[in-house]
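Asker: Fold the following.
(one chain, ligands or ions: 2)
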Amino acid sequence: MRKIPIIIDGDPGVDDSFAIALANSCPDFELVALTAVEGNVPAEKTRLNAMGLREALDINCAVAYGAELPLEKAYLSYAEKTHGESGVGTIQWPELKKAPDDRSAWDLIYEEAVKRKGELVLIAIGPLTNIALTLRKYPDFPQYLKRFYIMGGGTFGNVTKQAEFNIWVDPLAAREVFEKLEVHMVGLNVTHASALTEKDFDQMISLCKGENSAIRLLRDLSVFSKRNSLKSGMDNHIIHDALTVASVMDSEVVRYEPYYVYVEDKEGMENVGETVIDLAGQSGNQPNCLVAMEVNQPKFVEMLMEMCRYYATKG
Ligand code: BDR
Ligand code: CA
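Answerer: Numbering: from 1, shown residues only. Ligands and ions are numbered 1, 2, ... in the order given. From the prediction side, this is the model:
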């Protein structure tokens, strides 16, 4: 069977790191590239983390650098409280051997999509700046994409009442992306319902036996997440981004429903950064988005355990 070519665009990130590790453990996927965007931590750190993850997980893929700043937003705020100063908890990268790709994230995403003639699946787990820039530069990009998934949005927010972090960081980019691409939206309403318990983290930690770089990475991320998830106000027990990857791996993990969705991008509006879902069909617009509505949490947790077993067998 031909493998599914995948590009993951993200802002690693603790949960991004779990997501990338999960995708790399999937025998049906060919990871073509990781592309980095600003988000959880500044761009120079998300770039370094993407490069570090490629080597620690031994992924044979390109890494390309993307945007340093949102399209227009004048201010930034990062999520170091959740992800640590470096973005990847307590992990420190050794000296890295491989170089980044010469291309920008948007050139790489477009060229690899064209090369794969409509077979590429793109998964965006950070702010949507790189994807919006791909669409601005290459208006014919949608025709080369098989499917597009995001972690972002949902029916409530985590930065404000209405806005989820990835959308809130670059609402204009998100608005443009929702206008131009069919989006599979894995939002907070399902990621919160997929949260891990302390017992789940203990099981992951006990499965992460061995000293290869991948298993050490997963063990450190799990210990960091468990510890932080016990502190009040921290959402490290929710591995948002990995749920999006899990939903691509297995269509039974998340159930989607089609709706028309737009993003409120006007600064100053109370709900800036909201993914506004036309649940009752009042706009008269055709659905442009598959909205994740329900999650099979035990299945998701079992997939994370299976990922740990996979890397543990590597010695
Ligand atoms: C999203 O925000 C980031 O902090 C996480 O990596 C995830 O992509 C959750 O709102
Ligand atoms: Ca992320």
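
Asker: following the lowest-mean-pLDDT helix or strand in the chain, which helix or strand comes up?
Answerer: Using mean pLDDT, DSSP states H and E, helix 80-83 stands out as the lowest-scoring helix or strand of the chain, at a mean of 91. Moving toward the C-terminus from helix 80-83, the next helix or strand (DSSP states H and E) is helix 105-115.

Asker: Contacts for the helix or strand just after that following helix, please.
Answerer: Using DSSP H and E, the helix or strand that follows helix 105-115 in sequence is strand 120-124. Under the criterion Cβ atoms under 8 Å, 6 or more residues apart in numbering, residues 4-10, 19, 23, 32, 109, 112-113, 130-131, 144-152, 166, 244-245, 248 lie in contact with strand 120-124. (Each C-beta comes from the backbone N, C-alpha and C, glycine too.)

Asker: which of those residues count as buried?
Answerer: Neighbour counting with 16 or more other Cβ atoms under 10 Å marks 4-10, 19, 23, 32, 109, 112-113, 130-131, 144-145, 147-152, 166, 244-245, 248 as buried within those.

Asker: Show only the entries of the contacts of strand 120-124 found in strands.
Answerer: 4-10, 32, 145-151 (DSSP state E).

Asker: just those that are near ligand 1?
Answerer: Restricting those to those touching ligand 1 (Cβ under 6 Å from any ligand atom) yields residue 151.

Asker: For ligand 1, state which of the ones in strands among the contacts of strand 120-124 is nearest.
Answerer: residue 151 (4.7 Å; Cβ to the nearest ligand atom).

Asker: Please tell me I have it right and the closest one contacts residue 246.
Answerer: No: using Cβ atoms under 8 Å, residue 151 is not in contact with residue 246, being 10.8 Å away.

Asker: And what about the closest residue to ligand 2 within the stretch 151-300 of the chain, helix, strand or coil?
Answerer: Relative to ligand 2, the nearest point of the stretch 151-300 of the chain is residue 241 (4.8 Å; Cβ to the ion). Secondary structure, DSSP: H, G, I helix; E, B strand; the rest coil: residue 241 is helix.

Asker: how close does it sit to residue 9?
Answerer: 11 Å (Cβ to Cβ, to the nearest Å).

Asker: what's around residue 203, how many residues?
Answerer: Residue 203: 17 surrounding residues under other Cβ atoms under 10 Å.

Asker: Tell me which residues touch it, please.
Answerer: So residue 203 contacts residue 305 (Cβ under 8 Å, 6+ apart).

Asker: Swap in 6 Å and give it another go.
Answerer: Contact analysis of residue 203 by Cβ atoms under 6 Å, 6 or more residues apart in numbering lists nothing.

Asker: Need phi/psi at it.
Answerer: Residue 203 adopts backbone torsions of phi -70, psi -40, taken as degrees, to the nearest 10.

Asker: Now do the nearest residue to residue 39 once chain neighbours are set aside against residue 243, distance only.
Answerer: Nearest residue to residue 39, sequence neighbours excluded (Cβ to Cβ, 6 or more residues apart in numbering): residue 11, at 2.8 Å. From residue 11 across to residue 243, the span is 16 Å (Cβ to Cβ).

Asker: okay, those two: which has more neighbours?
Answerer: More neighbours surround residue 11 than the other of residue 11 and residue 243, with 33 against 29 (other Cβ under 10 Å).

Asker: Would you mind listing what in the stretch 101-250 of the chain touches ligand 2?
Answerer: Proximity of the stretch 101-250 of the chain to ligand 2, by Cβ under 5 Å from the ion, involves residues 125-126, 241.

Asker: all helices in the stretch 101-250 of the chain, in order from the N-terminus.
Answerer: 105-115, 129-137, 165-169, 171-180, 188-191, 198-207, 213-229, 240-249 (DSSP state H, counting those that start in this stretch).

Asker: In JSON lines: the ones you listed, plus distance to residue 52 and mean pLDDT.
Answerer: As requested, the helices of the stretch 101-250 of the chain are exported to JSON lines (distance: least, Cβ to Cβ, whole Å; pLDDT from 0 to 100):
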{"stretch": "helix 105-115", "distance to residue 52": "17", "mean pLDDT": "98"}
{"stretch": "helix 129-137", "distance to residue 52": "19", "mean pLDDT": "98"}
{"stretch": "helix 165-169", "distance to residue 52": "21", "mean pLDDT": "96"}
{"stretch": "helix 171-180", "distance to residue 52": "25", "mean pLDDT": "98"}
{"stretch": "helix 188-191", "distance to residue 52": "24", "mean pLDDT": "98"}
{"stretch": "helix 198-207", "distance to residue 52": "20", "mean pLDDT": "97"}
{"stretch": "helix 213-229", "distance to residue 52": "9", "mean pLDDT": "96"}
{"stretch": "helix 240-249", "distance to residue 52": "16", "mean pLDDT": "98"}
